[in-house]
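Novice: what would the 3D arrangement of this be:
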Amino acid sequence: MLNDVIAAVRKVAREEVMPRYLQVARRIKTDGSSYSDADVAAQAALFDALRAIRPGAVMGEEMSEDEQRAQWLQGINGESDGLWSIDPIDGTSNFLNGLPYFAISVAWMRQGKSVLGVIYNPATNEMFYAERGRGAFLNDKRLPIKQHASTLSTAIANVDLKRLHKKLAIEIAANPPYASQRNYGACALEWCYTAAGFFDLYLHGGQKPWDYAAGSLILEEAGGAMSGFEYDDYWAGSPWRRSVVAALDANLFVQWRKWVREHQ
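Specialist: Residues are numbered from 1 along each chain as shown. This next block holds a predicted model:
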């Protein structure tokens, strides 16, 4: 199934996403976030392709909230064999502005947890993928692919400041415990870059299922560790706003989680 999903994602990227790169206008949802005709076309193509690979519930970012929750419940309550969770273009603002940091993200989930994940950045031809228990890969190279920091003071962190509680955001901005910080605006790739070792730490205040479904599995299969702000079990709490404290190195993760919890 993994190979079929990878092929489907590449096809959608080639036929629906990249021909519209820098060619479509920004549209605004009722919640103020951006989308485009490329998001809508890619989601429709993915729906058809994934259902052909394996029937089941399908939840996409560009659906209405009521539709998303209905598909989620169908997928985790046993009414369906499982759930496809997809983000047709994660990082739409980057896509619209010509920044080559966006991705198609697809996960197959069972009982609320991911068992297969594929994340593809067609602008850079980076294909990340994982199956539970079988490791994680970037273009057939096993993750991680580089050395990572072992102490907070030498680490590079990916931090999404705007979704953090004010106290924690101010503390990170004023007195960061790490060496340097990045945020490029595409959750799926942030997970993958942490899994690869490009980032040492990851912090996000709240993600929806299509933000974390594929990426969390890829990090986990690369040997990384993750939790929520309040929960050691990453999968505890609401699936609709899941916070992330993560690191590739297990010892570094313990240091990072301790610092975050002491300062939130």
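Novice: and Asp81, which of the three is it?
Specialist: Here Asp81 is recorded as coil under DSSP: H, G, I helix; E, B strand; the rest coil.
Novice: show me what contacts the closest residue to it other than its chain neighbours?
Specialist: The spatially closest residue to Asp81, leaving aside those adjacent along the chain, is Gly56, at 4.9 Å (Cβ to Cβ, 6 or more residues apart in numbering). For every residue, glycine as well, the C-beta is placed using N, CA and C. Contact criterion Cβ atoms under 8 Å, 6 or more residues apart in numbering gives Gly75, Ser80, Asp81, Gly82, Leu83, Trp84, Trp108 as the residues in contact with Gly56.
Novice: and the gap between the fifth one and Ala179?
Specialist: What it means is Leu83. To Ala179, Leu83 is 39 Å away according to Cβ to Cβ, to the nearest Å.
Novice: nearest the geometric middle of the protein, what residue?
Specialist: When Cα atoms, centre = their mean is applied to the chain, the residue found nearest the centroid is Ala188 (2.6 Å).
Novice: okay, that residue and Val9: tell me how far apart.
Specialist: Here the distance between Ala188 and Val9 works out to 12 Å (Cβ to Cβ).
Novice: farthest-separated two in the contacts of Gly56?
Specialist: Taking Cβ to Cβ, the two most distant members of the contacts of Gly56 are Ser80 and Trp108; they sit 11.3 Å apart.
Novice: looking at the two, which is more packed in?
Specialist: When neighbours are counted by other Cβ atoms under 10 Å, Trp108 comes out ahead of the other of Ser80 and Trp108, with 27 against 17.
Novice: still on that earlier bit, between the contacts of Gly56, which is closest to His263?
Specialist: Lowest distance from His263 to the contacts of Gly56 (Cβ to Cβ) belongs to Leu83, with 35.1 Å.
Novice: can you say which of the contacts of Gly56 are buried?
Specialist: Buried members of these, scored by 16 or more other Cβ atoms under 10 Å, are Gly75, Ser80, Gly82, Leu83, Trp84, Trp108.
Novice: my read: the second one touches Ala57, true?
Specialist: Yes - between Ser80 and Ala57 there is a contact under Cβ atoms under 8 Å: 4.1 Å.
Novice: leaving out chain neighbours, which residue sits closest to Arg241?
Specialist: Gly206 (4.0 Å).
Novice: now do the buried residues in stretch 255-264.
Specialist: With burial defined by 16+ other Cβ under 10 Å, the residues of stretch 255-264 counted as buried are Gln255, Trp256, Arg257, Trp259, Val260, Gln264.
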